[in-house]
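Trainee: Take a look and give me a structure for this.
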Amino acid sequence: MKGKKAVHILSTALALALALPQAAGAIGLEEARTLLRENYIDEIPEEILALPTIDEITNAIGDPYTYYMTAEEYEQFQTDLNGAEVVGIGVMVEKKVDGLEVIGIAPDAPAHGVLETGDLIVAADGVTLEEAGTPDALAALIAGEEGTSVTLTVLRDGESHRFTFVREQVVYPTVTGEVVDGHIGWLDCNSFGEDTGDYFETYITEEDPEADRWVVDLRGNPGGSATAVVEAVGHVLGNYDVAYLVDRQGSVGVWRPVPLPVEIPGLIQEPLVVLVDASSASAAELFAAAIRDYHYGLIIGTRTFGKGIAQNVFEQEDGSAFKITTFRYYSADYVTPDRSGVLPHLVVDADLADEVAVLLSGEVEEQPAEDVLVIRLAGQDWYVHRDQAADEDLAPAFSELLSALAPGTPMTLDGQAVTPAEAAEAWGVDYVSRWFGDVESSPYADQLNALAALGVLLGDENGSFAPESQLTRAELAALITQGMGYWCWESQGDAPYTDVDEDDWFRTVANITYHLDLIQGNEQGEFDPDAPIDYQQFLTILLRMGQRADLTIDQCLDRLTEEELSRPEVVKFAPWAQPAAAAAEQLGLLLTDLEDIDPEAPVTREEAGAMLYAFLDYTGILTPAAEE
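Mentor: Take a look at the predicted model:
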């Protein structure tokens, strides 16, 4: 299969949204200010609310998910969210500089079976992109009245083709389903709209007699409706809590498929894979996080987008709407994907994720033991067959799978435990290890290599980590940014450091950690990148990160008592570091007893990596291979 790309009728990302009762008439400036004052997740400075237009106010807030939509924009927003019924030929496209790339084709549409994903539309009725002026103008030429025809010029594999279609009513569903390889139930979900839950139920029920493995493909899924994702999760795993929402007052609400104190089982009882990528956002992240937190399936792909805030949509009588961020949300394990996304169990090239899923979904059947590799992941045994793994088309995906495995992952071939390198050698497949080449003697080698396999820790160009070197402030900023996936938030501007130049390797991570209030400069306004980090500094910053990521860490810090903070092993830390030290001990994030730690001792790179691993393990962001 080809890797799935983002499928949108428009390129606009969808937000997780809730519809509220309509307000009277078009929204006015004072009403907008009142809505923001009373509902926005954070307090907005009055000088921002005093700006003369709604657009200026929302731009100054700096939240891309809070904005006003005209009636036409809101109608399109709902169309994108729910799956469109429009007149056309049934193609979803992505704007390119030289045309419109086909990235999806609706079932039973005129283009179905004629056009292919990857085709580039370069002209409609002889009008080229250059003549049309913009990609949107070219796309408008493809649309038209029902029963009329349009002739497209398409580039495919370097060759030009012309196809004529008759426009008709087309439905773009948010979910499609099929049975792959005769036994894998495959659900491709492009967004979470009002009918998505019904689609899940229908396809799962229809495919269940044939399916002994399941794949839910959320790559390119930008999110959608809260109700839809809660329904979809409920159909898959049952009526468990999907998410917790915290509003500006700190009140906590819950999203659950059926608000009853009774367990209703899900429709999928067989091994399940969920595919994600960097474009999987909001509701898609909630779905993946629920599967992760309830240990219900295996997540494969790349780290997701990182949207952990939810919006309410205030609809107006004239059809316009004001969408406002009103909640931060947390997964069932009280972890938010905000800014950091969902980390898959197996981090692989997103374009190979579907092939990795197919390899792992081998049927359980009588075969010679030397032809079946058994891998235990996410609490399930997965069966990889030699004939597929060594196949020319799937061998790159098998190599990617082996590279993504952490040390200690239970894996047997011919009844014997094997390492990824041994499995690759036995079947004659290339293998490139992500593990570090210089940590073998480290007491934390398995933790460091597990993070390396996930792409959470990076070494130098030679694959070395320098485990015993002291950790510097610049390296700590890089460790946090890489470990939590904060890279997508690098566009918030430069921090006011006086010693960070444009070409410094650490400039981006210094800016990111500054704007996230994780690392600040010294009294001279310097970042001081080469200064070593001591234990009390490291623990303080680690717990700041924890407060952002996990509700239970925030609560642990809030509940520290005077008695706990006055213990001798805590008092030896500087006053500003004492809460972090006490909380880190309670949460099990330390590598040794607190009383044995010198607060001013420098932290080594291996110690920092191991404590990051303990942090990710505690939060449930990762699951150790030995516990799966």
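
Trainee: which one's the longest strand in this structure?
Mentor: Looking across the chain with DSSP state E, the single longest strand is strand 321-331.

Trainee: so Thr202, which of the three states?
Mentor: Per DSSP: H, G, I helix; E, B strand; the rest coil, the secondary structure class of Thr202 is helix.

Trainee: Quick check: the spatially most central residue of the chain vs Phe538, distance?
Mentor: For the chain, the residue sitting closest to the mean C-alpha position, by CA atoms, centre = their mean, is Thr304 at 1.6 Å. Separation of Thr304 from Phe538 (CB to CB, to the nearest Å): 27 Å. No exception for glycine: its C-beta is placed from N, CA and C like everyone else's.

Trainee: okay, now the domains of this protein?
Mentor: If you go by automatic domain parsing, the domain ranges for the chain are 85-171, 175-311+327-347, 363-427, 445-626.

Trainee: okay, now Gln482: neighbour count?
Mentor: For Gln482, the number of neighbouring residues by other CB atoms under 10 Å comes to 17.

Trainee: so where's the stretch 501-628 of the chain uncertain?
Mentor: 625-628 (pLDDT under 70).

Trainee: Show me the helices in it, by range?
Mentor: For the stretch 501-628 of the chain, helices defined by DSSP state H, counting those that start in this stretch occupy the ranges 507-515, 535-549, 551-558, 562-565, 568-571, 578-587, 605-619.

Trainee: what's the third one in contact with?
Mentor: With CB atoms under 8 Å, 6 or more residues apart in numbering as the test, helix 551-558 has contacts from 244, 246, 330, 334-336, 543, 546-547, 579-580, 583, 586-587, 619.

Trainee: Looking at neighbours, which among the residues you listed is most surrounded?
Mentor: That'd be Ala580 among these, by other CB under 10 Å, with 26 neighbours.

Trainee: That residue: what's it in contact with?
Mentor: Contacts of Ala580 by CB under 8 Å, 6+ apart are Gln536, Leu539, Thr540, Leu542, Leu543, Arg544, Leu557.

Trainee: Next, format these as JSON lines and append distance to Ala278.
Mentor: Below are those laid out as JSON lines (distance: CB to CB, whole Å):
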{"residue": "Gln536", "distance to Ala278": "35"}
{"residue": "Leu539", "distance to Ala278": "31"}
{"residue": "Thr540", "distance to Ala278": "30"}
{"residue": "Leu542", "distance to Ala278": "25"}
{"residue": "Leu543", "distance to Ala278": "28"}
{"residue": "Arg544", "distance to Ala278": "25"}
{"residue": "Leu557", "distance to Ala278": "31"}
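
Trainee: on that earlier part again, between the domains of the chain, which one is nearest to Tyr67?
Mentor: Tyr67 sits nearest to domain 175-311+327-347 of all those, at 9.6 Å, using CB to CB.

Trainee: pLDDT of whichever helix or strand comes after the longest strand of the chain, averaged?
Mentor: Next along the chain after strand 321-331, taking DSSP states H and E as the criterion, comes strand 346-347. Per-residue pLDDT over strand 346-347 has a mean of 97.

Trainee: what residues does strand 346-347 touch?
Mentor: Under CB under 8 Å, 6+ apart, the answer for strand 346-347 is 298-303, 356, 377, 401, 404-405, 453-455.

Trainee: How many residues are close by Pro107?
Mentor: Counted with other CB under 10 Å, Pro107 comes out at 11.

Trainee: Spatially nearest residue to it (excluding sequence neighbours)?
Mentor: Distance criterion CB to CB, 6 or more residues apart in numbering; nearest residue to Pro107, sequence neighbours excluded, is Thr176 at 6.4 Å.

Trainee: That neighbour in helix, strand or coil?
Mentor: Once three-state DSSP is applied, Thr176 turns out strand.

Trainee: which residues does it form a beta bridge with?
Mentor: Per DSSP bridges, the residues bridged to Thr176 are Asp188.

Trainee: can you pull the contacts of it?
Mentor: Pro107, Leu187, Asp188, Tyr203.

Trainee: if I look at Tyr613, how far off is Pro337?
Mentor: 19 Å.

Trainee: Looking at these two, which is more packed in?
Mentor: Pro337 (30 against 23).

Trainee: what pLDDT does the more buried one get?
Mentor: Here the pLDDT value assigned to Pro337 is 93.

Trainee: Look up phi and psi at it.
Mentor: Pro337 has phi and psi values of phi -80, psi 0 when expressed as degrees, to the nearest 10.

Trainee: Pretty sure it sits against Ile309.
Mentor: No - counting by CB atoms under 8 Å, Pro337 stays clear of Ile309, with 9.7 Å between them.

Trainee: what about Arg507, neighbour count?
Mentor: 20.

Trainee: residues in contact with it?
Mentor: Asp494, Val500, Asp501.

Trainee: Dump those into a markdown table; add neighbour count as well.
Mentor: Shown next, in a markdown table, are the contacts of Arg507 (neighbours: other CB atoms under 10 Å):
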| residue | neighbour count |
| --- | --- |
| Asp494 | 13 |
| Val500 | 21 |
| Asp501 | 8 |
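
Trainee: From Tyr40, how far off is Glu46?
Mentor: Distance, Glu46 to Tyr40, using CB to CB: 13 Å.

Trainee: Oh, that last question was meant for Asp596, not what I typed.
Mentor: Asp596 sits at a distance of 46 Å from Tyr40 (criterion: CB to CB).

Trainee: The two: who's more crowded?
Mentor: Shown here are Asp596 and Tyr40; by other CB under 10 Å, Tyr40 has more neighbours (17 against 9).

Trainee: Let me see the contact set for that one.
Mentor: Ile61, Thr66, Arg248, Ile324, Thr325, Thr326.

Trainee: for Tyr240, same thing?
Mentor: So Tyr240 contacts Val233, Gly234, Arg256, Pro257, Ala290, Tyr294, Ala332 (CB under 8 Å, 6+ apart).

Trainee: so what pLDDT did it get?
Mentor: pLDDT recorded at Tyr240 is 89.

Trainee: That one - that's part of a strand, no?
Mentor: No - going by three-state DSSP, the assignment for Tyr240 is coil, not a strand.

Trainee: what are the phi and psi angles of it?
Mentor: Torsion angles at Tyr240 (phi, psi; degrees, to the nearest 10) stand at phi -100, psi 160.

Trainee: Without its sequence neighbours, what residue ends up closest to Lys572?
Mentor: Pro599 (6.0 Å).

Trainee: close enough to count as contact, that neighbour and Ala584?
Mentor: No - Pro599 lies out of contact with Ala584 (CB under 8 Å); the separation is 11.7 Å.

Trainee: more crowded one of those two?
Mentor: Taking other CB under 10 Å, Pro599 and Ala584 do not tie; Ala584 has more neighbours (27 against 18).

Trainee: Does that one touch Leu542 like I think?
Mentor: Yes - in this structure, Ala584 is within contact of Leu542 by CB under 8 Å, at 6.9 Å.
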